[in-house]
Structures are given as C-alpha cells and as structure tokens.
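[1] Kindly return the folded structure for what I paste below:
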Amino acid sequence: MDAAQSATRGARLRWRDARDLIAIVAIILLARPYRGLSGDAALYVGHAVAVLDPQQIGLDPMWALDGQMQFSIFPRLVEFSISWLGVHWGALALAFAGLCAWGVGLFALANALGFRAPLGAVALAAMAFPAGHGAYGAIYVAEPLAVPRVFAEAASLLALAALISGSFALFALTIVLAALLHPLMAAGALVTGLAYLSLRERRIAFFFAALAIAGFALALCVRSPFLDLLTARMDPEWLEILRGPQDYLFPTLWPQPAWGLKATQAISVGLFAWLSPGAARRFFLSALIAAGAGVAASIVLGDLLSLRLAVQTQPWRMSWLLCVAAPIGFVLCARPLWRAGGTRRLSVFLMAAAWAVSDQELGVALALLAAAIIVGEKRLEDRISENTMMLIGACASFFVIVKFALELGVIHDFIAQAPAPARPSDRLLLLHAHALAGPVALAIALGPELLSRFRVARAASAAVFAAAICLGLSVFLWNRGLDPFQTARVGASAYPDLEELLISRPGPVLWLGGGQEAWYWARRPNWVALIQGNGIVFSRELTFLWFTRMRRLSALGWVADGVTVSWRAARPDPAFPEIRPEQIKTFCEAPDAPSWIIAPTATPNGEAIWRAPQPRYAPLPESGAYVRLDLYRLIPCASTSASGA
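    Sure thing, here's the model as predicted:
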C-alpha cells in the first residue's frame, strides 16, 4: 500500500470514527430524555443548595445528619455548577455532560473489542435493552440525571477499554477517577478488570489472591480498625427499618422480575462469551464473574450476616456491567449467527423473543433455549428441518411484534389518564417497560441484510454530516418533555410572597405531599419528607428521626405509610389530607413540632392560602383520577422549633 492509499484509508477511518461517535451520543440523548430533579438528582442538587444556604436549607435533617456525600467528589462539582449556572441549568448541564461522557465510554469500549459494524447499533441496543441493575428499576445505566453514577460508569467504560487495548496505566488512572466519583460503581469495573487480567494470565489471579490473604492476615495480627469496619454488624432495629423503605438494598427481598432480568442477562452474556474469541470472550466472562461475585457478596455478607459495610456498599451494584455487556454481545454476535444460517439463525430469533420478556420466566426459558441450541448445534442440525426452523423463527418474530403492540397500548392508556402537563415521556416509558428491546434485537439482526438490497453510494463526510444533524435534533428534543412543575420548582431562587407569609415563624416546615418545594419555594428546611428516606442507609440517626416522624404522620392519617413499610407495597398518600383542629393542637404541642404545616387543599377554609406558580397533578387513592394541586393551606404550628430541623 503506497502513501496515498494509506492516507486515504486513514482519513476514511477518521470519518467513520467521527460518524460512529456522533451517532452514539445522538442515540443516547434521544433515548434518555432529561428527567429534571427526580431520583437521586434531587439529593445531589439539594445538597449543593444546602451548602450554599447553610443557615436555612442546610439545617434540614437530611443534610445536618448526612452520611453519604463524603464518599464522592461529585457534590463539589454540583456546587460549582449550581453556583455558576443556577439550579435548573446547572443540573441540566451536568446531566447532559454525563450522557455525552457515557457515549464516549461506550464508543471506546466497542472500539477496543474490535467492532467493524457501525457502532450506532451498539448504542441502540444499549439504550433499548433493559438497563436496570437492581429491583424496581430504581437504578439503571446511563441515567439522564445530575448524578455521579453516570460519570463513574463513563470512566469505568473508558478504563475497561484502556485495559483491553493494553494500557494498564490508563486503566488504573480512570478507575481511580471513577472511584472518586462513585466508588460503588467503580468497584464493578475494578473487579471486572482484575478478572480480565487473571483470565489473560493466571499467575495474576494467584498474585491477587495471595495479596488479599496477606492483607487480611496482617489486619488480624495488628488488630486494624479496618478489620473492625469490615466485621461490624448493623444493629437489628436499624436493619429492620431499612428492610421496609429500602428493601431494594437486599437481593433476597427482590421481586421475581429483578431476578428474571439478571438471569436473562447472565445467560446471554455467557453465551456471547462462548461465541466470542480473545479479548471479547475475556471481557464477557469477567463481567459475569464481577456480577456473580457482587450479588453473592450482598446475599451472604449483607442479607444473611447483616454486615454494615456490605449493606451500605451494596456489592450487587457490580452487576451493572451486565447491562452493557449484554447489548454489546448481542450486536457483536447476532450478525455472524444470522449469516451462519441453520440453527444459529434460529437462536437469533429466540434471543430477540427473550429480550422482549427478559424479566419474566419465559424470557429466561427462551434465553436458555437459544443457548442450548447453539451449544448443541451439531446434534440438532440434522434433527430440525429448515421448514421447522422457519416456522419457529416466524412465531418468535410474531411474538415480539405482538408484545410490542401490547406494550404500546398499555403505555398509551397510562399516558392518556394523566393531564397533559403531567404526562410522562413516552420514550422513557417505552424504555422502562423494555418494549423496544425485542424489536431492536430483530432490527439489529435483520437490518444489515435488508439494507444491503438498497445500495446507496455515499461519502464518509456525508455520513458524518447526517449523524451531526441527528445529534442536533436529539439535543433539541432532549429536555422538551420535562414536566412544567419540575421546571417551575427550581425556576426561581424563592417566592417572596410565600416567604412573607411564613416570616413570622422561623424554622422547618412540614410540606405534606412535597419535599423539594420547601427548599426551592420557601427556602426552609423540611421537618420530615419522603425524600429524606433516600439516604438513611448511611446514617443511623437520620434513619430513626425520619422513621419516627413519618410514622407520626401516618398515625394522624396525613400520609398513608410514608413508604416506611415497603418500597414495593407503599400506598399513595391522600391528595388532600384531612387535618382536623384537634390534630393540629396535639401535633403542634410536641417539643420538636415544625413552625408551619403546608398542605394542599381543594377549597380555602379561612386559613392563609398560597397558590403555587405551577400546579402539580396527583391521582386520588380512591379512584385514580388525577386532581390539580396548586392551592396550599399555611397552618401555623409551633412558635419556635425546638428541634431546629
């Protein structure tokens, strides 16, 4: 190859890489629309606001008794972003940067694994396949939120790409960065990387094992405080409370769909390891080892032995890489399987059907059947006729299409029930329901053959230009579906009219049905709020304070159960809580009573009333019909708050 040809080929590769990277980021942004200050973004942004306002919001028990934020540098990044851009734009900028970084990490990992096909298919599968790595879909990869997990995942993907490419120094550097952002997510990549090295060179495995044994023996000999930390058990009362509102922390309490998804992912990744050579095989096996070790450690050390460190660090989170390995493996293997024909082509149909119902027993059974067909293909090749395989494939495809249509119907009915301003993003609902997984799997397998019949000559630069247009469209649509209530909640630094109404009684407020509203609208700490329960696993004192106050509200009927019983079985709170005068008198005479009770109301009853800048919509527990909440009663309670928070 002469110099001119080499230069032309290099330029073509650079155009291809640019096209693939732009396409990956565009697909991720399109599939993960911005969700505002929901989920854990409320914690990190709320903490930043508390740091910037220590005399008011900083007195909230959630921050006064916080035990979580010390483990990451991310809160400092949020504080900088919020102080510079404001709450709304600061959180949005971090979420956008996190998804872009995640796309770069996925691009690097796919390149390191030697993909030749367009990498947009990898992003499409990664976004469409189930992304949750725990129970209830509470935590998933590539979250469109201002949270450290998405940045730690991006750094972890870059670290694994560096390791597979042969750069251990870059792997170590990026793993340290991931650990500084979110040590729990970095642990999965670290174990995966160590397993990868051990599979490549078995002497490394013996070295790591010897190092771990020597370290443990040294800790025993010198009676290191670290050993006490490792063996400390969580006291039964604290543990019992956590098993209610945070039952997702304990794998033995997970519902069947969580285990079904884990099994489908594990079977698929194991099959892809069987089919793949070299580095790809080691990567898939390493992800399986890390996931299995993490879940097993959580069950044994956390659920059974109740070790505090195991409960708090949640080793089951190391299984998050299965959510990346499974779609990567499918894209890597589906096309060669399809070209091979015969039983291997049949297995592609079965895997697509399995992903359509991946969290159910049927999905596990279909994944096992696909794996069994590939492993035993030599025995089955002559026993299954071509017509039979075509019939099974057609049935599997029909099943995927029908399942998708049914999911669309359910999602449409769900969205139609909510008022237009409060309707959730249809894209998010499709992804959370895994509705796109089956159709996307079929498209990835069949698409190249169908597209090959329509040969269109195009320049590499034109492909980059087209990808850039798609990226611009994705950026434009990314935050268009945000609930107006969420935007209004953080759209102003405070509302002077509300502050004026509350100024006579300083101290924390009880905002029934709310949480962040007290911080952003009233510039007050919460007396108690549902959001405070998100960080209780890291603070025993906060746990008991939050739990006892929530139970007091539940006994009064002002909340249903405050999610103190179970995350899964929590009952919806009353939209308009009935607050009787005798209840107010008894409640406000307590030494730790809040200064104000702020409660939604349908009709004013003579008390001070405040109208919110944007209504919130909530379903009535009795009928499920949505009602508008924008009027709030301001009920004076304690003249001073003895608790201070």
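[2] those helices in the stretch 501-645 of the chain, which residues are they?
    For the stretch 501-645 of the chain, the helices defined by DSSP state H, counting those that start in this stretch cover 516-520, 540-556, 581-588.
[3] Take the ones you listed and write them to JSON lines, including mean pLDDT and distance to Leu124.
    For the C-beta atoms, the positions are set from N, CA and C on the backbone; glycine is no exception. JSON lines is the format used below for those (pLDDT from 0 to 100; distance: least, Cβ to Cβ, whole Å):
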{"stretch": "helix 516-520", "mean pLDDT": "89", "distance to Leu124": "34"}
{"stretch": "helix 540-556", "mean pLDDT": "91", "distance to Leu124": "41"}
{"stretch": "helix 581-588", "mean pLDDT": "92", "distance to Leu124": "54"}
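[4] Quick check: which of those helices is buried the most?
    Of all the helices of the stretch 501-645 of the chain, helix 516-520 carries the top mean neighbour count, a mean of 24, counting by mean count of other Cβ atoms under 10 Å.
[5] Just the mean pLDDT for the helix ranked longest in the chain, thanks.
    Counting by DSSP state H, the longest helix found in the chain is helix 386-417. Here helix 386-417 scores 79 as its mean pLDDT.
[6] So for Asn387, which of the helices of the stretch 501-645 of the chain sits nearest?
    Each of these was scored for nearness to Asn387 using Cβ to Cβ, and the closest is helix 516-520 (60.4 Å).
[7] ok so, going back, distance to Phe330 for the helices of the stretch 501-645 of the chain - can I get that in a markdown table?
    Supplementary listing: the helices of the stretch 501-645 of the chain in a markdown table, determined by distance: least, Cβ to Cβ, whole Å:
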| stretch | distance to Phe330 |
| --- | --- |
| helix 516-520 | 39 |
| helix 540-556 | 41 |
| helix 581-588 | 56 |
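[8] returning to that earlier point: figure out how far the longest helix of the chain is from the centre of its chain.
    On the basis of Cα atoms, centre = their mean, to the nearest Å, the separation between the geometric centre of helix 386-417 and that of its chain is 26 Å.
[9] Would you mind listing the buried residues in that helix?
    Residues of helix 386-417 classed as buried: Met389, Ile392, Gly393, Ala396, Ser397, Phe399, Val400, Lys403, Phe404, Glu407, Ile411 (neighbour count, 16 or more other Cβ atoms under 10 Å).
[10] again, but for stretch 623-637
    Counting neighbours by 16+ other Cβ under 10 Å, one finds that the buried residues in stretch 623-637 are Val627, Leu629, Leu631, Tyr632, Arg633, Leu634, Ile635, Cys637.
[11] And the residue nearest the centre of the chain?
    By Cα atoms, centre = their mean, the chain has its centre lying nearest to Tyr140, at 2.5 Å.
[12] So what pairs up with that one in the strands?
    Beta bridges link Tyr140 to Gly132 when assigned by DSSP bridges.
[13] what ranges do the helices span in the stretch 1-150 of the chain?
    Residue ranges of the helices in the stretch 1-150 of the chain, as given by DSSP H, counting those that start in this stretch, are 3-31, 41-52, 61-64, 74-85, 87-112, 120-128, 148-164.
[14] want to throw these into JSON lines with distance to Gly341?
    Converted to JSON lines, the helices of the stretch 1-150 of the chain look like this (distance: least, Cβ to Cβ, whole Å):
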{"stretch": "helix 3-31", "distance to Gly341": "28"}
{"stretch": "helix 41-52", "distance to Gly341": "48"}
{"stretch": "helix 61-64", "distance to Gly341": "59"}
{"stretch": "helix 74-85", "distance to Gly341": "49"}
{"stretch": "helix 87-112", "distance to Gly341": "26"}
{"stretch": "helix 120-128", "distance to Gly341": "21"}
{"stretch": "helix 148-164", "distance to Gly341": "30"}
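[15] could I get those as a markdown table with distance to Ala325 and mean neighbour count?
    Supplementary listing: the helices of the stretch 1-150 of the chain in a markdown table, determined by distance: least, Cβ to Cβ, whole Å; neighbours: other Cβ atoms under 10 Å:
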| stretch | distance to Ala325 | mean neighbour count |
| --- | --- | --- |
| helix 3-31 | 17 | 17 |
| helix 41-52 | 26 | 23 |
| helix 61-64 | 36 | 24 |
| helix 74-85 | 25 | 18 |
| helix 87-112 | 10 | 22 |
| helix 120-128 | 10 | 25 |
| helix 148-164 | 10 | 27 |
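[16] circling back: closest to Gly103 among the buried residues of stretch 623-637?
    The closest of the buried residues of stretch 623-637 to Gly103 turns out to be Leu629 (Cβ to Cβ; 37.6 Å).
[17] For Glu517, see how far away the closest one is.
    Taking Cβ to Cβ, to the nearest Å as the criterion, Leu629 is separated from Glu517 by 11 Å.
[18] what touches both of these two?
    Common contacts of Leu629 and Glu517, defined by Cβ atoms under 8 Å, 6 or more residues apart in numbering, comprise Ala612.
[19] quick revisit: list just the nearest of the buried residues of helix 386-417 to Ala352.
    For the buried residues of helix 386-417, the minimum distance to Ala352 (Cβ to Cβ) is 5.6 Å, reached by Val400.
[20] Distance of Pro75 relative to Ser358?
    Taking Cβ to Cβ, one finds Pro75 at 35 Å from Ser358.
[21] ditto for Glu500
    Taking Cβ to Cβ as the measure, Glu500 falls 54 Å from Ser358.
[22] Looking at the two, which one has more neighbours?
    Ser358 (27 against 10; other Cβ atoms under 10 Å).
[23] what helix or strand does the more buried one sit in?
    Per DSSP states H and E, Ser358 falls between elements, in no helix or strand.
[24] Contact partners for it?
    For Ser358, the contacting residues are Phe129, Pro130, Gly260, Leu261, Thr264, Gln265, Ala367, His434, Ala437, by Cβ under 8 Å, 6+ apart.
[25] again with Trp274
    Arg281, Ala371, Ile374, Val375.
[26] List the contacts of Asp573.
    Contact criterion Cβ under 8 Å, 6+ apart gives Leu512, Gly513, Val559, Ala560, Gly562, Pro621 as the residues in contact with Asp573.
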